[in-house]
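*Asks:* model the structure of this input:
(one chain, ligands or ions: 1)
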Amino acid sequence: MLKLLDLQNDARSQAAPSSEPIAEMRGITKSYGARRVLDNVGLQLRPAERVALIGPSGSGKTTILRLLIGLDRPDAGDIEIAGRPLWPKGGKRKPGDERQAREVRQCVGMVFQQFNLFPHMTALENVREPIRHVLGEPIRVANERAEELLTQVGLRKHLDQRPAQLSGGQQQRVAIARAIGLRPRIMLFDEITSALDPEVVGEVLQVVRKLTDDHDMAIMMVTHEISFAAAFADRILMFDSGSIVEDGPPQQVLKEPAHQRTRQFLRAIIDREGR
Ligand SMILES: Nc1ncnc2c1ncn2[C@@H]1O[C@H](COP(=O)(O)OP(=O)(O)OP(=O)(O)O)[C@@H](O)[C@H]1O
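*Replies:* Numbers count the residues shown, from 1 in each chain. Model prediction:
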């Protein structure tokens, strides 16, 4: 359907289809008050797989990421990360449950639309301190790793600057370096370019591409950058009203969508972007 997309998906060693999922959701239902936001959603993410979540505003994409990192709890259904339940199953809470949940969540990192950096810390400290305090690395090791990551995202000259001294694109690059510094097995990106000026969107997406190529991890990304999703993702999930209505490789979902709502959604993007 799309002429807007030149579906150039780089050759990359992709997840073996037979590998065990690194994350799995089954029968997930979630409501906020009377509003049902997700309705019996199931999905799997395989190691090193890159999945883009697209769909209209309010269709439940961010809620999926929040559930996967344990910021929200589903009303019904199961979530497993690396083969372990994110939430202990039913019944009374047992000693050790919290520790298990913490350990499971440590497999997952997330970058948000708003960069959420600590304003009183420098770029280096923002990346270094979680490595020290979450991973328990000595300061020398944490410092080295933080410097290396900030160099990889092009901020070698900005190590000692605080967030207020950095542009939005630079702050987001610090946030990406910080999340990757914790060596998650799964990275979640939630509309990480939406708060940025259009001219720096490309540079931030390039950083995502480079860092995720260098650090082996599975990725789930909510994005409105459809061309980027087409080039970056192995698989695209289209959400509509709390359900997944398409699930397939970019070629299939973007060029031959099965669902009328997907065609409308993509058409609206083409019209908006004037392509
Ligand atoms: N904490 C909350 N309390 C109440 N309603 C919420 C909460 N979080 C999300 N919602 C509602 O749930 C619905 C789905 O939200 P969600 O953020 O998952 O959608 P989305 O597909 O990511 O949308 P967008 O593309 O606009 O970010 C929306 O109607 C939203 O208003």
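*Asks:* so how far is the ligand from residue 70?
*Replies:* Applying CB to the nearest ligand atom, to the nearest Å, the value for residue 70 to the ligand is 15 Å. For glycine as for every other residue, the C-beta is placed from the backbone atoms N, C-alpha and C.
*Asks:* go ahead and confirm that residue touches residue 101.
*Replies:* Yes. Look at residue 70 against residue 101 with CB atoms under 8 Å: they come within range, at 6.5 Å.
*Asks:* give me the common contacts of the two.
*Replies:* Common contacts of residue 70 and residue 101 (CB atoms under 8 Å, 6 or more residues apart in numbering): 86, 87.
*Asks:* can you list the residues of the protein near the ligand?
*Replies:* Selection of the chain residues close to the ligand by CB under 6 Å from any ligand atom yields 32, 37, 55, 57, 58, 59, 60, 61, 62, 63, 222.
*Asks:* return the set of buried residues in stretch 248-259.
*Replies:* Using 16 or more other CB atoms under 10 Å as the test for burial, stretch 248-259 gives 249, 250, 253, 254, 257.
*Asks:* what's the first-to-last distance across that stretch?
*Replies:* For stretch 248-259, the first-to-last residue distance is 12 Å (CA to CA, to the nearest Å).
*Asks:* let me see the mean pLDDT of it.
*Replies:* For stretch 248-259, mean pLDDT is 93.
*Asks:* before we move on, what about stretch 129-144?
*Replies:* 96.
*Asks:* for it, C-alpha coordinates in PDB please.
*Replies:* Extracted in PDB, the C-alpha atoms of stretch 129-144 (Å, rounded to 0.1, in the frame of the first residue of the first chain):
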ATOM      1  CA  GLU A 129      25.200   6.300  39.300                       C
ATOM      2  CA  PRO A 130      22.600   3.600  38.200                       C
ATOM      3  CA  ILE A 131      25.500   1.400  37.200                       C
ATOM      4  CA  ARG A 132      27.000   1.800  40.700                       C
ATOM      5  CA  HIS A 133      23.800   1.500  42.700                       C
ATOM      6  CA  VAL A 134      21.600  -0.900  40.700                       C
ATOM      7  CA  LEU A 135      24.400  -3.200  39.400                       C
ATOM      8  CA  GLY A 136      26.700  -2.600  42.400                       C
ATOM      9  CA  GLU A 137      29.800  -1.900  40.300                       C
ATOM     10  CA  PRO A 138      32.700  -0.100  41.900                       C
ATOM     11  CA  ILE A 139      33.000   3.600  41.000                       C
ATOM     12  CA  ARG A 140      36.000   3.100  38.700                       C
ATOM     13  CA  VAL A 141      34.200   0.400  36.600                       C
ATOM     14  CA  ALA A 142      31.000   2.500  36.500                       C
ATOM     15  CA  ASN A 143      32.900   5.600  35.500                       C
ATOM     16  CA  GLU A 144      34.600   3.800  32.700                       C
END
